[in-house]
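Novice: Everything below, folded, please.
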Amino acid sequence: MRLLLTFRPLEDAHRDAVTKHTVQGLIYSHLWGTEYWRRHDEARFKFFTFSDIFPPGDFRAGEEKSLLISSPDGNFIEILHERLGEKEGLYLGGLKVELVRLKKFSLRPNGKFVTGSPVVVRSMNLERRGFFSFYHEKSLNHFITRITENALKKYRVFTGEEFELDGPIFDRIVPRVRKDGRIDVYTRVRMHGASFLIPGSTWKLLEKRITPTNRDFYAFLMDAGMGELNSLGFGFLNPIKKKGPSNGRGKGNKGPGEDPRRGSPSGLV
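Specialist: Sure thing, here's the model as predicted:
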């Protein structure tokens, strides 16, 4: 289940004024007094994630921006919707914003996904206890193995059901490549009192044939997030909506939060 939150800043601010911790703090502050309010301190999967704020860029007074929050736990989204809906104004850190729109909805997996925030996985080097980057570790196999193991473990914990994939987690994956030819993107976060950069990767196509057997798994993955650090806003997935009839001219449909910069899936990794 998903929650689309659209807001309007009341003043100008640099894009770095709102960080992933800012958004995570907004979510947790509105869970106070509910069955979820202790989850931040629990050593367990949190089962929610959120997208990057879109459109990207600095905050301008009066210009709308949005973010998406998703969870396979429908009650989690219902509570957030109720709590946030009680407010006309919110604070994102020190930035005061006006709540413009709040919409909850559900999506079904259609076999094609795009990331709405970077995907993070643990490093191959267990002694480093850090996070994987394609530039330094150069192993697509490790990346695939880690997202697969992580997804299956989360699904089994959440549902209590055993599930096995009948093939690779995705049949085709296409990264978004930076102008310098690198795949890795870096996000600054604060953890355990320190500030540092976390490497991740964004993907303009993650493709899998959806069947009655695997549909629930991919619906779960789409709402729980892929990879590590989901509750810090990493690994958010959106389905890519199929284009409607265009007569050679139309642009098709875009869902809430779908990255307009995703481009066409022209490569294969």
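
Novice: Please determine how far D58 is located from F131.
Specialist: 27 Å (CB to CB, to the nearest Å). In this view, the C-beta of every residue, glycine as well, is placed from N, C-alpha and C.

Novice: What ranges does this protein have for its strands?
Specialist: Here the chain has its strands, by DSSP state E, at 2-9, 49-50, 65-70, 89-92, 95-105, 112-115, 172-175, 184-191, 194-201, 203-207, 237-239.

Novice: and among those strands, the most buried is which?
Specialist: For these, the largest average neighbour count (mean count of other CB atoms under 10 Å) is found in strand 49-50, namely a mean of 27.

Novice: Quick one: list the elements packing against it.
Specialist: The contact analysis (3 or more CB pairs under 8 Å, 6 or more residues apart in numbering; DSSP states H and E) places strand 49-50 against helix 20-29, strand 65-70.

Novice: Between D58 and F131, point out the one with more neighbours.
Specialist: F131 (20 against 12; other CB atoms under 10 Å).

Novice: Tell me the predicted confidence for the more buried one.
Specialist: Note for F131: predicted pLDDT of 93.

Novice: same thing with the one 4 residues further on?
Specialist: At Y135, the predicted lDDT confidence score is 93.

Novice: Check M191 too.
Specialist: Model confidence at M191 (pLDDT) stands at 68.

Novice: can you pull the buried residues of stretch 211-228?
Specialist: Buried positions in stretch 211-228, judged by neighbour count with 16 or more other CB atoms under 10 Å: 214, 217-228.

Novice: if I read this right, V120 contacts V189, doesn't it?
Specialist: No: the criterion here is CB atoms under 8 Å, and V120 misses it with V189 at 9.9 Å.

Novice: Spit out the residues that contact those two alike.
Specialist: I198 (CB atoms under 8 Å, 6 or more residues apart in numbering).

Novice: sorry, back to before: tabulate the strands of the chain in CSV, adding columns for distance to I27.
Specialist: Shown next, in CSV, are these (distance: least, CB to CB, whole Å):
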stretch, distance to I27
strand 2-9, 10
strand 49-50, 7
strand 65-70, 7
strand 89-92, 11
strand 95-105, 13
strand 112-115, 20
strand 172-175, 28
strand 184-191, 15
strand 194-201, 19
strand 203-207, 24
strand 237-239, 18
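
Novice: so which of the ones you listed comes closest to N125?
Specialist: strand 194-201 (13.0 Å; CB to CB).

Novice: What is the distance between the closest one and the centre of its chain?
Specialist: Between the centre of strand 194-201 and the centre of its chain there are 16 Å (CA atoms, centre = their mean, to the nearest Å).

Novice: Which other helices and strands does it contact?
Specialist: strand 184-191.

Novice: tilt between the strand it packs on and strand 194-201?
Specialist: 150 degrees (axes from the mean of the first three to the mean of the last three CA atoms, to 10 degrees).

Novice: which residues sit against strand 184-191?
Specialist: Under CB under 8 Å, 6+ apart, the answer for strand 184-191 is 16, 19-21, 118, 133-135, 178, 195-202, 232, 234.

Novice: correct me, but F170 touches E207?
Specialist: Yes: with contact defined as CB under 8 Å, F170 reaches E207; the gap is 6.0 Å.

Novice: Could you point out the longest helix of this protein?
Specialist: helix 140-159 (DSSP state H).

Novice: Can you list the buried residues in that one?
Specialist: Neighbour-count burial for helix 140-159 [16+ other CB under 10 Å]: 142-144, 146-147, 150-152, 154-155.

Novice: Same check on stretch 19-37?
Specialist: In stretch 19-37, the ones that count as buried by 16+ other CB under 10 Å are 19-20, 22-24, 26-28, 30-31, 36.

Novice: do stretch 233-242 as well
Specialist: Those would be 233-240, for stretch 233-242 by 16+ other CB under 10 Å.

Novice: Including pLDDT, could these go into TSV?
Specialist: Converted to TSV, those look like this (pLDDT from 0 to 100):
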residue	pLDDT
G233	97
F234	98
G235	98
F236	98
L237	97
N238	95
P239	95
I240	94
